[in-house]
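Asker: the following comprises the amino acid sequence and a computationally predicted model.
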Amino acid sequence: MPNSFDSQTPILEARSITKRFPGVVANRDVSLKIHRGQIVALLGENGAGKSTLVKMIYGLHSPDEGEILIDGKPVKLSGPRDAIKRGIGMVHQHFQLVPVFTVAENVILGDEPRHSMFLDMKKATAEVARLAEEYGLQVDVNAKVEDLPVGAQQRVEILKALYRRAEVLIMDEPTAVLTPQETDELLRVMRGFADSGVAVIFITHKLREVLEVADTIEVLRGGEVVGTTTPDQTDQAGLAQMMVGRSVLLRVEKKPAQPGEVVLDVQGLDVAGNLGLPAVRDVSLQVRAGEILGIAGVEGNGQRELVEALTGLRKSTARSVTINGQDAEGASPHAIHQMGVGHVPEDREKDGVVGPYSIADNMVLNRFDEPEFSSWGVRNRKAVDTLATDLVSEYDVRTPSIQTTAQSLSGGNKQKVVIARELAADPSLLIASQPTRGVDVGSIEFIHSRIVDARDRGAAVLLVSAELDEVLGLADRVVVMYDGRLVAEMAAEDVDRGSIGRLMAGGDH
């Protein structure tokens with residue numbers, strides 16, 4: 001909805017930008033315009049060039065060809081500090097805050113107001129409070145960041161950019177860790193930014209949000225702009241087709257579950273976090289063969305520690321933990337795998353793939369010692385390569401060769417490698433944590449179908465996701481996790497988005 005701030009001269013323009021990296025053209029002849037008071041959404045698959053483009057706008061990369069203009073004048077951005085001086089701010093997906101500092105201290109860090117030689121903290125706090133009120137960002141400026149919920153921490157990140165007088169605000173996946181209510185509030189705040197004259201560049205994979213808040217939508221594919229549209233000219237299916245180049249099934253198609261015997265039985269599980277404080281508190285749950293149990297919750301409420309305990313990556317105590325009737329409490333990750341468990345970790349870079357290893361070697365990371373792939377400690381290279389070739393084809397991993405290193409793949413293709421490896425072993429229990437994080441809409445469709453296929457073959461699936469739509473689309477039963485506890489359980493068809501959102505934020509049923 002263009003407004004009175006629109007003018008003939010864009011506040012920011014990228015003109016015919018091309019950026020090359022070794023072996024790949026990340027952006028090819030990309031142009032983008034944004035006016036004051038406008039929200040422009042950038043959509044595209046993983047590897048489409050969105051991040052590279054905004055990194056050039058923020059001064060983190062320099063274009064090989066083309067130019068960036070601010071208020072119609074070409075500029076050379078030598079780094080983020082230069083971009084900030086010219087009124088460009090960026091809210092990163094992963095917060096860059098000092099936990100033990102207050103909100104006000106975090107906001108002014110690096111740009112502190114001074115009276116003579118001394119820090120004028122009173123003035124700084126008053127200015128941060130004024131900004132928070134002006135832009136509707138509800139946060140206690142004197143609170144320590146470590147004591148704030150995730151949604152409030154994000155508001156602090158936004159305040160940091162506004163405090164530096166940002167006229168163009170780049171928001172990279174800003175709703176990734178928010179509850180539905182926090183997401184709606186952020187979209188309202190973004191519209192408020194635009195109404196006050198701030199230009200917003202919004203990167204997201206969530207099509208509903210784009211249609212709700214954007215004025216203009218730019219779609220990138222293969223490093224090029226393949227379409228420009230507006231919310232009143234398209235819908236989610238149209239956007240997905242522009243992104244992927246084919247029609248995409250946005251709803252998960254699955255038959256009713258046919259639950260069988262209990263595969264995972266957890267009773268009274270307690271897990272400590274990294275600081276030794278309780279992260280999982282007296283959790284009991286069961287997952288049966290042929291069903292998907294989804295755990296909904298805002299990140300940081302014990303989900304990571306729960307999954308790490310169940311997969312042998314973190315010590316825990318419990319009355320009992322059994323997998324297929326076997327005692328699994330305190331077992332090693334390899335022993336748990338041998339009990340029939342597949343694990344899709346939330347951090348594919350850290351726990352999912354070994355970057356310098358080839359795709360072929362990554363496909364057998366958890367099966368390297370099986371007779372099929374090894375004899376007397378000697379790798380059966382032919383068997384490994386045959387498996388990798390078959391899985392790369394079956395799971396549509398986009399790579400020139402199975403000998404290509406995993407670190408050279410895009411995020412979505414790395415995720416496909418992890419999914420392929422874990423499902424190839426035909427697990428009786430699949431523990432999938434954030435299985436589509438940072439993955440484009442086409443790969444999401446594919447990964448969801450594979451998870452449902454595993455369920456239909458009789459696997460028990462424990463799904464952990466911060467994406468409520470993912471939980472509701474895949475799960476047969478849903479439990480909500482808050483502050484380390486399971487606070488509610490319900491059948492997926494009985495879930496109300498509003499009530500589950502309140503539960504995720506610690507409210508009553």
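Answerer: Done, it's in.

Asker: how about the strands in the stretch 151-300 of the chain?
Answerer: Under the criterion DSSP state E, counting those that start in this stretch, the stretch 151-300 of the chain contains strands at 168-172, 199-203, 216-221, 224-229, 262-272, 278-288, 292-296.

Asker: most packed of those?
Answerer: Among the strands of the stretch 151-300 of the chain, the stretch with the highest mean neighbour count (mean count of other Cβ atoms under 10 Å) is strand 292-296, at a mean of 26. Placement of C-beta: from N, CA and C, glycine included.

Asker: got any ranges where the stretch 1-150 of the chain has weak pLDDT?
Answerer: In the predicted model, the stretch 1-150 of the chain carries pLDDT under 70 at residues 1-7, 93-94, 113-117.

Asker: the strands of the stretch 151-300 of the chain: which one's closest to Asn324?
Answerer: Across the strands of the stretch 151-300 of the chain, Asn324 has its closest neighbour in strand 262-272 (5.9 Å, Cβ to Cβ).

Asker: the closest one: how far from the chain's middle?
Answerer: 26 Å (Cα atoms, centre = their mean, to the nearest Å).

Asker: save the strands of the stretch 151-300 of the chain as TSV, and put in mean pLDDT and distance to Val417 too.
Answerer: Converted to TSV, the strands of the stretch 151-300 of the chain look like this (pLDDT from 0 to 100; distance: least, Cβ to Cβ, whole Å):
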stretch	mean pLDDT	distance to Val417
strand 168-172	91	24
strand 199-203	94	24
strand 216-221	93	22
strand 224-229	93	26
strand 262-272	96	25
strand 278-288	96	25
strand 292-296	96	22
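
Asker: neighbours of the residue lying closest to Asp483 once chain neighbours are set aside, just the number please.
Answerer: Sequence neighbours aside, Asn301 is the residue nearest to Asp483 in space, at 5.9 Å (criterion: Cβ to Cβ, 6 or more residues apart in numbering). Using other Cβ atoms under 10 Å, Asn301 has 25 neighbouring residues.

Asker: give me the pLDDT for Asn301.
Answerer: On the pLDDT scale, Asn301 is placed at 89.

Asker: now do the phi/psi pair for it.
Answerer: phi -110, psi 20 (degrees, to the nearest 10).

Asker: so what's Ser196 up against?
Answerer: Gly37, Glu134, Tyr135 (Cβ atoms under 8 Å, 6 or more residues apart in numbering).

Asker: the residue nearest to Asp483 contacts Gly484, correct?
Answerer: Yes: in this structure, Asn301 is within contact of Gly484 by Cβ atoms under 8 Å, at 6.5 Å.

Asker: please enumerate the helices of the stretch 251-400 of the chain.
Answerer: For the stretch 251-400 of the chain, the helices defined by DSSP state H, counting those that start in this stretch cover 303-310, 333-338, 359-362, 381-394.

Asker: of the contacts of Ser196, buried ones?
Answerer: For the contacts of Ser196, a burial check counting by 16 or more other Cβ atoms under 10 Å picks out Gly37, Tyr135.

Asker: so which of the contacts of Ser196 is the closest to Val156?
Answerer: Relative to Val156, the closest of the contacts of Ser196 is Tyr135; by Cβ to Cβ it sits at 12.4 Å.
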